[in-house]
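Asker: Kindly return the folded structure for what I paste below:
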Amino acid sequence: MNEQARHLYVVAEHFEGKLRPVTMELIGKAHELAEASGEKVHAVLIGENVEDLAQDLIAVGADVVHYLTASELKEYSTEGYTYALERLCREVQPAAILIGATHNGRDLAPRLSARLQCGVVADCTDIKMDAETRSLTWTRPALGGNILADIICPKHRPQMGTVRPNVFPKPVPDSSRKGHVEKRAIEIPEGTIRTRRTNYEQVPQEEVNLEDVEIIISGGRGMGSAEAFRKLHTLARKLDGTVAASRAAVDAGWEPSIHQVGQTGKNVGPKIYFAFGISGAIQHLAGISGADMVVAINKDPQAPIFQRADYGIVGDVHIVLEEMLAQLEED
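Answerer: Numbers count the residues shown, from 1 in each chain. Just a heads-up that it's a prediction; the model follows:
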């Protein structure tokens, strides 16, 4: 093990001039771990003309921000980001690297781990640290979400993992917090980046990233059919929300897998989560742990979902759904 490896590094992800929520969640968790071990939190910000985001990272817990900039890094690319991160890591020798389990993060982490010849634990839902050894324990779902596996990397550094969005709370920003920004101009050798983005197309509202929406209308096996799910889509449009589904509903073919919530789907943290006909299996409850409010509708008064719900309605989901649509029509 490299005894010189120190500190926790978080790869910051941003889009259209704003930090992704998962980045702030990871900074907050890294700050918690670092306080217990005497380490520091370093954020890695990659891009062009995004230096203003460095203070946002400091405000939520970063002690040092490494700003890696080049015109070729204006947009995300696997080769460009990997090259920049590899150069930084070989210089600073981080003890651990935390990356959000987003589309970009899941693309970047395995490439970087191969370059650094270290492992990577994917789709983690928790992280703990041994303060004495500074070894991390990464927790992730395994065997289809039926168990949780604890994985450690005691002999190699850096320790690396991707972490699902919405499993850790976002820290409250403190604009008065002080930190250090290290700006590094990166020279990308010609031919390093072999792909380029030719176009960006905004997806329809109902296809947006579930991790970023404020209202989710979710259905489970109790909905009974794809036709019933179409009514959930109607409700979602009226409430400016997005439709999600349990694994049972996805397996039945009523909703695409991109809308699945749970340990084998996505972790979500909306302001309101409506659960129509969802019993509340532990795998599903793990996926909604970040929700501010849960409203459950189920005909079974003993359904586990009611233990998580802030508000519950015991009744036929179809009748309740029709009544909600009727009330919205009147308004």
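Asker: Run a quick neighbour tally on Val314.
Answerer: Applying other C-beta atoms under 10 Å, we find 14 residues neighbouring Val314. For glycine as for every other residue, the C-beta is placed from the backbone atoms N, C-alpha and C.
Asker: For it, give me its contacts.
Answerer: By C-beta atoms under 8 Å, 6 or more residues apart in numbering, the residues touching Val314 are 298-301.
Asker: Can I have the buried ones of those as a ChimeraX selection?
Answerer: Selection command for ChimeraX covering only the buried members of the contacts of Val314, criterion 16 or more other C-beta atoms under 10 Å:
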select :298
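Asker: now what about the helix or strand in which Ala326 is found, what contacts it?
Answerer: According to DSSP states H and E, Ala326 maps onto helix 317-330. The contact list for helix 317-330 (C-beta under 8 Å, 6+ apart) reads 219, 222-224, 228, 231-232, 234-235, 238-239, 276-277, 297-299, 313.
Asker: ranges for the helices of the stretch 151-300 of the chain?
Answerer: Taking DSSP state H, counting those that start in this stretch as the test, the helices found in the stretch 151-300 of the chain are 226-238, 247-251, 282-287.
Asker: For stretch 49-65, measure first residue to last.
Answerer: Start-to-end span of stretch 49-65 (C-alpha to C-alpha, to the nearest Å) is 15 Å.
Asker: can you list the residues that contact that stretch?
Answerer: 10, 12, 14, 17-19, 23-24, 27-28, 30-31, 34, 40-45, 67, 69, 74, 170-175, 177-183.
Asker: shaky segments in the stretch 1-150 of the chain?
Answerer: Applying pLDDT under 70 to the stretch 1-150 of the chain flags residues 1-3, 144-146.
Asker: Try it again at 90.
Answerer: 1-6, 15-16, 35-38, 103, 119, 123, 125, 130-134, 140-149 (pLDDT under 90).
Asker: Let me see the ranges of the helices in it.
Answerer: Ranges of helices in the stretch 1-150 of the chain, per DSSP H, counting those that start in this stretch, are 21-37, 53-59, 78-92, 103-116.
Asker: Can I get those helices in CSV including mean neighbour count and distance to Asp123?
Answerer: As requested, the helices of the stretch 1-150 of the chain are exported to CSV (neighbours: other C-beta atoms under 10 Å; distance: least, C-beta to C-beta, whole Å):
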stretch, mean neighbour count, distance to Asp123
helix 21-37, 22, 12
helix 53-59, 21, 23
helix 78-92, 19, 19
helix 103-116, 18, 8
